[in-house]
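**Student:** Just a sequence and a predicted model for now, questions to come.
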2 protein chains.
Amino acid sequence: TMAVPKATQDLLTPAFVVDLPKVKKNAQVMMDRFKKLGVQLRPHMKTHKTIEGGDIMTNGTRRCIVVSTLAEASFYAEHGYDDILYAYPLPFDKVKKCAELSEHLSLFHVLVDSLAALEQLRSCPLSTGKVWHVWLKLDCENGRAGVPYSDPAALNLAKAISGSQGIELTGVYAHCGNTYHCTGEHEIKAVAQATTTATLEFMEKLKTAGIPCPKSSIGSTPSCSHPVSDMTLLSEVHPGNYIFYALDVQQSVIGSCKMEDIAVRVLTRVIGHYTHRNQLLVDCGWAALSLDSRGCLPTGYAVIEGHPELKLLSMTQEHGRIEPISGKLDFDKFPLGSLLYIIPYHACATAAMHPVYFVQSENKIVDTWKPVRGW
Amino acid sequence: TMAVPKATQDLLTPAFVVDLPKVKKNAQVMMDRFKKLGVQLRPHMKTHKTIEGGDIMTNGTRRCIVVSTLAEASFYAEHGYDDILYAYPLPFDKVKKCAELSEHLSLFHVLVDSLAALEQLRSCPLSTGKVWHVWLKLDCENGRAGVPYSDPAALNLAKAISGSQGIELTGVYAHCGNTYHCTGEHEIKAVAQATTTATLEFMEKLKTAGIPCPKSSIGSTPSCSHPVSDMTLLSEVHPGNYIFYALDVQQSVIGSCKMEDIAVRVLTRVIGHYTHRNQLLVDCGWAALSLDSRGCLPTGYAVIEGHPELKLLSMTQEHGRIEPISGKLDFDKFPLGSLLYIIPYHACATAAMHPVYFVQSENKIVDTWKPVRGW
């Protein structure tokens, strides 16, 4: 109901601001990298959940994406996207909706990591001559979803998928989320290598066992920002966060990007001076930033751009407390109503708090993007 | 775009489920308590941010509420609410919108804690013969916004407000958020007493100085759940979280409610069995629960209803890892696809993650509520 101002500095705060040239650059670098390596890039939509972001990441093709929720899958399908991989352990309450998407789209992929999930697909055959396109989720030491790569159950599951009527084993999918615990390029590459090796060895096992499976994919923004050469032997990769890049302090700390690649900020205003406790208040609370990072940075919950001397000490729903890391705060430098740019620790978590993103280019607001929410 | 099922158990998960009879009871208890004490209840909307929740808390009057964002103020105003207090340190970017609301509504209140904020109001006189209704924010040891109650600046600010053309000093407002650091009724009452005493002493100072100021208000759900007798000398109180109660584990831990008063749950489904690491996965990640609590409970990030033996160990965006507090997990008790109810640590933070609330009565979905988001 409110008009969007033309200049970033006129936005009502807090506001989630996306730097369009940086987003485009981050997307282009990732596309170029994997084009050169001859590996299909299947970008993940979960960080931004917008059509506009998807268009940039797919270079306008609206094909070949990953999503983490059924709400995203439906949203992208409704906007003309296709070849959508719903990379989430098949939820039993959503099988019917997945069947509808499979029947409606040219290519809709689901993911399973158990015989029980496969049984759900068997009990829900597709009409219109379609087959279920199934990816087997392999856990390569990430420790979340997936069958452990060394567990004989993995091969048994592949065999069962492949041998099921109306069901095709399309690929093997591994997420190396454990790259997020790395520090620096060397550690990231070690995890990327281990995940790639485990995935490729499993593909060999499938081949030896005579189980057809055309595709293999691993992902995570850190690993895809520092790919190892064996990754050229994979069919696909599926990073996502790199659009805002690898765009967050977390990625910068672990070494997958530089601070200047980070494409998102929370714009906030100073709303209070509290000289007796040497603190400012800003209008960015956890409702605008999230509590991700748990305050672990030297600068607290986030980084305040251009002010390495400041710490975002704590937040309540709509208030953020800022104080200097040491010494007395010079309040004259931060008048009431003045602007600060907060670089979030984790772009996915911060984006999730915002119903609209304000897209800027050189401090002009050029667009607004509305993400899909819910499940 | 999806039809809402009739039974709670048929909801797609994760889903934020509100128990309507509990909400109504919690609201009624608070209304009855302050009616009996002769103190005006001005409920805060920030926990739920819905029209339906506001209707229950105001007993259908749509009058006399508090909000924390301009988006809430506009939303409630558009739905026929009036006598709205925007209890947030006047943000300089929103003065013009506040003026519009002041001119449009019978009664719109703003809050200031600095001469600079007052100056903003002076520079923006209201038309249509209206005056700005201003509350002075007093900090009674909470340490967030407000002028410290013992600081001479507080009286000076009151004098300046009261002496300004077109501006009325309507009240003194204190938030005892420090009750959230209490354990048990005794500590809560001590903070409630200290806040009340500081506020009433300041009202006496105003009287002595000849500064007219009709109203005084303190709030927080813990203090209003265990009011001290001196609170009857206040004009108003402004708790909010009690609708879901004081409805969350945090409130239960600190002693402002019992576990059975908690009116909200996140409904989640088991999506994975990982016997090799003695863990379940559920489809409730931080996108559905928030990271509030930071995992500090004996049961991790939340309480799993009916299962004190389980711990919500960690979450990523869409996955939650559950393991037993000790011993081996009996996976047969938690089949893939089966439901669990997660009681959030902090209802405000969890509600903020959901674009729609599913409202149930005796396991039947009777309504859906859509909160206002943004700023």
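**Tutor:** Structure received.

**Student:** so where's chain A shaky on pLDDT?
**Tutor:** A:1-2, A:246-256 (pLDDT under 70).

**Student:** ranges for the helices of it?
**Tutor:** With helices called from DSSP state H, chain A shows them at A:20-37, A:51-57, A:70-78, A:95-104, A:115-122, A:152-162, A:184-208, A:221-225, A:249-254, A:286-289, A:347-351.

**Student:** For chain B, find the nearest of those helices.
**Tutor:** Closest approach to chain B among these is made by helix A:115-122 (4.8 Å; C-beta to the nearest C-beta). The C-beta positions use only the backbone N, C-alpha and C, and glycine is treated the same way.

**Student:** burial of the closest residue to A:F75 other than its chain neighbours, as a residue count?
**Tutor:** Nearest non-adjacent residue to A:F75, counting by C-beta to C-beta, 6 or more residues apart in numbering or on different chains: A:V372, 4.0 Å away. The tally of other residues near A:V372 (other C-beta atoms under 10 Å in any protein chain shown) stands at 20.

**Student:** Over to A:Q317?
**Tutor:** Residues contacting A:Q317 under the criterion other C-beta under 10 Å number 16.

**Student:** Next, the contact list for the residue of chain A most remote from its centre, please.
**Tutor:** No residue in chain A sits farther from the centre than A:H276, which is 41.5 Å out by C-alpha atoms, centre = their mean. Going by C-beta atoms under 8 Å, 6 or more residues apart in numbering or on different chains, A:H276 touches B:P148, B:D151.

**Student:** Give the buried residues for stretch A:312-331.
**Tutor:** For stretch A:312-331, burial by neighbour count (16 or more other C-beta atoms under 10 Å in any protein chain shown) applies to A:312-323, A:329.

**Student:** quick one: terminal-to-terminal distance for it?
**Tutor:** End-to-end span of stretch A:312-331 (C-alpha to C-alpha, to the nearest Å): 16 Å.

**Student:** ok, residues contacting it?
**Tutor:** Under the criterion C-beta under 8 Å, 6+ apart, residues A:268, A:271, A:273, A:275, A:277-289, A:291, A:295, A:298-302, A:304, A:309-311, A:340, A:342, B:46, B:68-69, B:88, B:144-145, B:177, B:348-349, B:352 lie in contact with stretch A:312-331.

**Student:** tally of neighbours for A:V23?
**Tutor:** By other C-beta under 10 Å, the residues close to A:V23 number 24.

**Student:** Could I get the phi/psi values of the spatially closest residue to it that is not a sequence neighbour?
**Tutor:** Spatial nearest neighbour of A:V23, chain neighbours left out: A:A263 (4.8 Å); criterion: C-beta to C-beta, 6+ apart. Dihedral pair for A:A263: phi -100, psi 0, per degrees, to the nearest 10.

**Student:** name the helices or strands packed onto the top strand by length along chain A?
**Tutor:** Counting residues, the longest strand found in chain A (DSSP state E) is strand A:264-274. Contact here means 3 or more C-beta pairs under 8 Å, 6 or more residues apart in numbering or on different chains; DSSP states H and E; on that basis strand A:264-274 packs against strand A:15-19, strand A:279-282, helix A:286-289, strand A:339-344, helix A:347-351, strand B:82-89.

**Student:** The first one packs against which elements?
**Tutor:** Applying 3+ C-beta pairs under 8 Å, 6+ apart, we find strand A:15-19 packed against strand A:264-274, strand A:357-361.

**Student:** Restricted to buried residues, select the contacts of stretch A:312-331 in ChimeraX.
**Tutor:** The buried residues among the contacts of stretch A:312-331 can be selected in ChimeraX (16+ other C-beta under 10 Å) with this line:
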select /A:268,271,273,279,280,281,282,283,284,285,286,287,288,289,291,295,299,300,301,302,304,310,311,340,342 /B:46,68,69,88,144,145,177,348,349,352
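
**Student:** How many residues are close by whichever residue of the stretch 51-200 of chain A sits closest to chain B?
**Tutor:** As assessed by C-beta to the nearest C-beta, chain B sits closest to A:F92 within the stretch 51-200 of chain A, at 3.3 Å. Residues within reach of A:F92, counting by other C-beta under 10 Å, total 18.

**Student:** Give me whichever of the helices of chain A is most buried.
**Tutor:** Of all the helices of chain A, helix A:221-225 has the most neighbours on average by mean count of other C-beta atoms under 10 Å in any protein chain shown, namely a mean of 29.

**Student:** So which elements touch that one?
**Tutor:** For helix A:221-225, the elements it packs on are helix A:20-37, helix A:184-208, helix A:249-254, judged by 3+ C-beta pairs under 8 Å, 6+ apart.

**Student:** out of those, nearest to B:A73?
**Tutor:** Among the helices and strands packed on helix A:221-225, the nearest to B:A73 by C-beta to C-beta is helix A:20-37 (31.0 Å).

**Student:** what helices or strands is the closest one leaning on?
**Tutor:** On a contact count with 3+ C-beta pairs under 8 Å, 6+ apart, helix A:20-37 meets strand A:40-41, helix A:51-57, helix A:221-225, strand A:357-361.

**Student:** Is chain B within reach of the longest one?
**Tutor:** No - remark: helix A:51-57 sits outside contact range of chain B, by C-beta under 8 Å from any C-beta of the partner chain, the gap being at least 15.6 Å.

**Student:** For the residue nearest to A:V23, give me its contacts.
**Tutor:** A:V18, A:D19, A:K22, A:V23, A:N26, A:I243, A:F244, A:Y245, A:L247.

**Student:** can you check A:H109 too?
**Tutor:** A:D83, A:I84, A:L85, A:Y86, A:A87, A:H133, A:V134, A:W135, A:T170, A:G171.

**Student:** which residue packs closest to whatever residue of the stretch 201-350 of chain A ends up closest to chain B, ignoring adjacent ones?
**Tutor:** At 3.3 Å from chain B, A:G337 is the closest residue in the stretch 201-350 of chain A, using C-beta to the nearest C-beta. The shortest distance from A:G337 to any non-neighbouring residue, by C-beta to C-beta, 6+ apart, is to B:F92 (3.3 Å).

**Student:** My guess is that neighbour contacts A:L336. True?
**Tutor:** Yes - using C-beta atoms under 8 Å, B:F92 is in contact with A:L336, at 6.3 Å.

**Student:** Overlap of the contact sets of the two?
**Tutor:** By C-beta under 8 Å, 6+ apart, the residues touching both B:F92 and A:L336 are B:A117.

**Student:** Format the contacts of A:A263 as TSV; extra columns: distance to A:L121.
**Tutor:** Listed next are those as TSV, based on distance: C-beta to C-beta, whole Å:
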residue	distance to A:L121
A:V18	38
A:D19	42
A:K22	41
A:V23	36
A:N26	36
A:I243	31
A:F244	34
A:Y245	36
A:L247	36
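
**Student:** quick one: which of the residues you listed is nearest to A:A192?
**Tutor:** The nearest one, if we look at those relative to A:A192 and count by C-beta to C-beta, is A:Y245, at 17.4 Å.

**Student:** isn't the closest one right up against A:D19?
**Tutor:** No - using C-beta under 8 Å, A:Y245 is not in contact with A:D19; the gap is 9.9 Å.

**Student:** Who has more neighbours out of these two?
**Tutor:** A:Y245 (30 against 23).

**Student:** For that one, give me its contacts.
**Tutor:** Shown in contact with A:Y245 (C-beta under 8 Å, 6+ apart): A:K22, A:N26, A:T221, A:Q251, A:S256, A:C257, A:D261, A:I262, A:A263, A:A347.
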